[in-house]
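K.L.:
Make a model of this:
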Amino acid sequence: RRLGLSDADKSQVLMVGDRKFDVLGAKEFGIDCVGVEFFGYAEPGELEQAGAVTVVSTAEELEQFILSH
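P.N.:
Model (predicted):
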């Protein structure tokens with residue numbers, strides 16, 4: 001609500017997170033989240049298990065994902 005997003009708007013938003021809490025929070029509000037492993041905070045498999053739409057290992061992979069979706 002704070003962002004004023006309609007359900008249609010949410011498909012245009014992508015959360016980028018480095019812990020399961022980011023992924024779960026985005027999911028709770030109907031927003032996709034891509035997990036980033038290159039910060040080194042998440043345990044192995046944590047982001048996938050939380051439901052990230054994809055998990056990337058480098059900034060270049062993150063850029064490629066964003067540009068292709």
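
K.L.:
how close does Lys10 sit to Phe65?
P.N.:
18 Å (C-beta to C-beta, to the nearest Å). Every C-beta, even on glycine, is put in place using the N, C-alpha and C of the backbone.

K.L.:
How about Gly25?
P.N.:
According to C-beta to C-beta, Gly25 stands 19 Å off from Phe65.

K.L.:
Gly30 too?
P.N.:
Taking C-beta to C-beta, one finds Gly30 at 19 Å from Phe65.

K.L.:
Span of stretch 13-23 from start to end?
P.N.:
End-to-end distance of stretch 13-23 (C-alpha to C-alpha, to the nearest Å): 13 Å.

K.L.:
which parts of stretch 38-54 are buried?
P.N.:
Ala42, Glu46, Leu47, Ala50, Ala52, Val53 (16 or more other C-beta atoms under 10 Å).

K.L.:
SS state for the spatially most central residue of the chain?
P.N.:
Ranked by distance to the mean C-alpha position of the chain (C-alpha atoms, centre = their mean), the top residue is Cys33 at 1.9 Å. State at Cys33, reduced to three classes by DSSP: H, G, I helix; E, B strand; the rest coil: strand.
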